[in-house]
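Colleague: sequence first, predicted coordinates after that:
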Amino acid sequence: MLTSICGINWGDEGKGRMVDLLSRDFDIVCRYQGGNNAGHTVINERGKFILNLLPSGILREDVVNVLGCGMVIDLKHLCGEIGKLRDAGIKITPENLKISDKAVITMPYNVLQDVMEEDRLTKATGKPYGSTRRGIAPVYADKYMKKAFRMGELLNTELMFRRLPDIVAWKNLTVTAYGYDPVRVDDMIDYFRTYGEPLKQFITDTGVFLNEAHKAGKSIMFEAQLGALRDIDYGIVPYTSSSSTIAAYAPIGAGVPNLKLDKSIGIMKAYSSCVGEGPFACEYFGEQAERLREAGGEYGAATGRPRRVGPFDVVASRYGIRCQGADEIALTKLDVLDGYEEIEICTHYELDGKIIDEFPFTDVLDFCKPVFEKVKGWNCDISGCKKPEDLPKEAIDYIRLLEKLCGCRIKYVSVGAERDACIKMY
Ligand code: GDP
Ligand code: MG
């Protein structure tokens with residue numbers, strides 16, 4: 001059984017917490033794209049964890065976790081993340097963590113490039129991309145330029161070190177043009193030695209591992225980072241991530257392009273949030289925004305940045321569901337709407353006096369105005385609800401309305417950040 005858990009919106013839908021819950025029925029959890037720009041918050045009986053690179057299955061003792069070939073891995077960050085989890089009593093060994101030899105290494109100069117370019121954009125245009133400044137776009141660019149290093153190279157550094165001086169010379173053409181000091185080859189060798197050495201034990205051909213596990217009847221879950229609207233092809237380019245966040249890419253980025261997904265579970269938030277820049281048609285401002293941001297605790301897990309917020313966006317979510325090929329939905333953070341007598345939903349966009357139902361091209365989005373509809377809120381605390389029958393009528397009505405407007409069934413509804421604060425609807 002191969003299942004993907006993907007974001008329907010702009011990210012931060014609560015994928016981590018849903019993977020943490022649903023992974024109880026899986027043998028393997030695999031991240032297949034992105035890097036340490038992810039921030040998945042998981043709260044369970046073992047504590048509160050923010051995971052950037054490690055799959056959220058790492059918190060279950062009997063789950064094997066895989067970092068797939070579609071990922072970009074900052075060696076220093078991964079060493080730090082493993083160290084922190086070990087300090088919290090989480091066991092991490094080559095038995096329960098496997099890193100693809102084909103995954104790409106994020107280099108310190110990629111992080112520098114990210115910072116240089118965001119700063120340049122800020123100065124030149126006042127409009128940075130809102131990157132997490134963790135080197136993700138530059139390292140994916142290097143991958144496609146065929147100038148990147150891969151995890152498997154750490155197993156035999158001789159070839160890697162032979163390639164290194166020319167790659168550093170090439171990179172310095174860029175770095176010095178921004179007015180920074182050139183990168184030193186010795187510092188890169190130190191980086192590989194200090195942070196690559198401890199990771200060597202985890203590096204393997206994860207394609208072989210996953211195929212064999214699949215043949216043996218093991219179940220595999222793919223955990224996406226970010227949401228459909230941050231996908232490099234289908235998202236709000238250029239305010240996207242630099243990798244493919246969609247479910248169809250999961251088998252490729254995991255290392256099993258020969259296998260087909262059995263199920264795609266879309267994680268969709270009961271309202272909207274968007275971290276960083278880019279068009280966000282349904283955005284709230286002022287007091288309306290502050291109220292929702294506070295209620296939802298909408299501050300970035302990776303960066304601490306206040307997230308932009310708005311009501312549920314039907315146009316964007318329906319598009320996200322289509323991109324993810326979602327078979328079922330987990331609707332998250334419904335409890336955040338507890339305090340509202342009336343809840344707004346963005347049902348359409350308006351452009352030049354015309355009503356729009358299809359999510360438009362990025363440039364056009366800037367000119368779209370949201371059309372809101374109001375529905376009755378439940379205005380009471382639902383965080384203790386365990387079964388569908390516990391939910392007030394207005395909450396059920398809200399769920400059914402979203403199902404109808406988005407054309408997909410909602411199987412789970414989460415009403416709190418803790419592992420068990422989740423209702424199975426059918
Ligand atoms: P991810 O990137 O998709 O994994 O999501 P994040 O972890 O970045 O953001 C989700 C935030 O909402 C985290 O702080 C979670 O602890 C929190 N959260 C998740 N589910 C719920 C829920 O049902 N209710 C509330 N109130 N908070 C939730
Ligand atoms: Mg997040």
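Modeller: That came through, no problem. Numbering: from 1, shown residues only. Ligands and ions are numbered 1, 2, ... in the order given.
Colleague: next up, the contacts around the closest residue to ligand 1 within the stretch 51-200 of the chain.
Modeller: Using C-beta to the nearest ligand atom, Ser56 is the residue of the stretch 51-200 of the chain that sits closest to ligand 1, at 7.4 Å. In short, each C-beta sits where N, CA and C put it, glycine included. Counting by C-beta atoms under 8 Å, 6 or more residues apart in numbering, Ser56 touches 15-17, 19-20, 23, 29, 40, 42, 223.
Colleague: narrow these to just the buried residues.
Modeller: By neighbour count, with 16 or more other C-beta atoms under 10 Å, the contacts of Ser56 hold 15-17, 19-20, 23, 29, 40, 42, 223 as buried.
Colleague: could you point out which element follows the helix or strand hosting Gly207?
Modeller: Taking DSSP states H and E as the criterion, Gly207 maps to helix 206-215. Past helix 206-215, further along toward the C-terminus, the next helix or strand under DSSP H and E is strand 220-227.
Colleague: near ligand 2, which residues of the stretch 1-150 of the chain?
Modeller: Listed as neighbours of ligand 2 in the stretch 1-150 of the chain under the rule C-beta under 5 Å from the ion: 12, 39.
Colleague: could you find the closest non-adjacent residue to Pro198?
Modeller: Cys79 (5.8 Å; C-beta to C-beta, 6 or more residues apart in numbering).
Colleague: give the contact list for that neighbour.
Modeller: By C-beta under 8 Å, 6+ apart, Cys79 lies in contact with 195, 198-199.
Colleague: quick one, which of the residues you listed are buried?
Modeller: For those, buried by 16+ other C-beta under 10 Å: 195, 199.
Colleague: right, and the helix or strand after the least confident helix or strand in the chain by mean pLDDT?
Modeller: Counting by mean pLDDT, DSSP states H and E, the chain has its least confident helix or strand at strand 40-44, which shows a mean of 90. Heading C-terminal from strand 40-44, the first helix or strand you meet, by DSSP H and E, is strand 47-51.
Colleague: do that following strand and ligand 1 come into contact?
Modeller: No - figure legend: strand 47-51 not in contact with ligand 1 (C-beta under 6 Å from any ligand atom); closest approach 7.3 Å.
Colleague: check which residues of that strand are buried.
Modeller: 49, 51.
Colleague: also stretch 156-163?
Modeller: Residues 157, 160 are the ones in stretch 156-163 that count as buried (16+ other C-beta under 10 Å).
Colleague: ok now that stretch, how far from the chain's centre?
Modeller: 32 Å (C-alpha atoms, centre = their mean, to the nearest Å).
Colleague: just to revisit the earlier point, which of the buried ones among the contacts of Ser56 fall in strands?
Modeller: 29, 40, 42, 223 (DSSP state E).
Colleague: quick one: the closest residue to ligand 1 within the stretch 151-300 of the chain and Phe192, what's the gap?
Modeller: Going by C-beta to the nearest ligand atom, ligand 1 is nearest to Gly297 of the stretch 151-300 of the chain, at 5.8 Å. Here the distance between Gly297 and Phe192 works out to 38 Å (C-beta to C-beta, to the nearest Å).
Colleague: which residue of those two possesses the greater neighbour count?
Modeller: Phe192 (19 against 12; other C-beta atoms under 10 Å).
Colleague: which residues touch the more buried one?
Modeller: For Phe192, counting by C-beta under 8 Å, 6+ apart, the contacting residues are 75, 149, 154, 157, 160-161.
Colleague: doesn't it belong to a strand?
Modeller: No - assignment of Phe192 by DSSP: H, G, I helix; E, B strand; the rest coil gives helix, placing it outside any strand.
Colleague: before we move on, back to that, how about the helix holding Gly207: buried residues?
Modeller: Going by neighbour count (16+ other C-beta under 10 Å), the buried part of helix 206-215 is 206-207, 209-210, 213-214.
Colleague: which residues touch the biggest strand by length in the chain?
Modeller: Secondary structure assigned by DSSP E gives strand 342-351 as the longest strand of the chain. With contact meaning C-beta under 8 Å, 6+ apart, strand 342-351 is reached by 272, 281-282, 310-315, 337, 355-357, 360, 364-365, 367-377, 398, 401-402, 405.
Colleague: then stretch 82-102?
Modeller: For stretch 82-102, contacts defined as C-beta under 8 Å, 6+ apart pick out 46-47, 49, 54, 58-59, 61, 63-69, 71, 73, 150-152, 155, 199, 201-207, 209, 255.
Colleague: restrict the contacts of Ser56 to contacts with ligand 1.
Modeller: The residues of the contacts of Ser56 that also fall near ligand 1, by C-beta under 6 Å from any ligand atom, are 15-17, 40.
Colleague: which bits of this structure sit near ligand 1?
Modeller: 7, 11-17, 39-41, 43, 297, 301, 332-333, 335-336, 414-417, 421.
Colleague: again, only this time at 5 Å
Modeller: 12-17, 39-41, 301, 332-333, 335, 414, 416-417 (C-beta under 5 Å from any ligand atom).
Colleague: quick one: which of the residues you listed is the most crowded by neighbours?
Modeller: Most neighbours among the residues of the chain next to ligand 1, by other C-beta under 10 Å: Glu13, with 30 neighbours.
Colleague: for Ile203, give me its contacts.
Modeller: 99-101, 151-152, 154-155.
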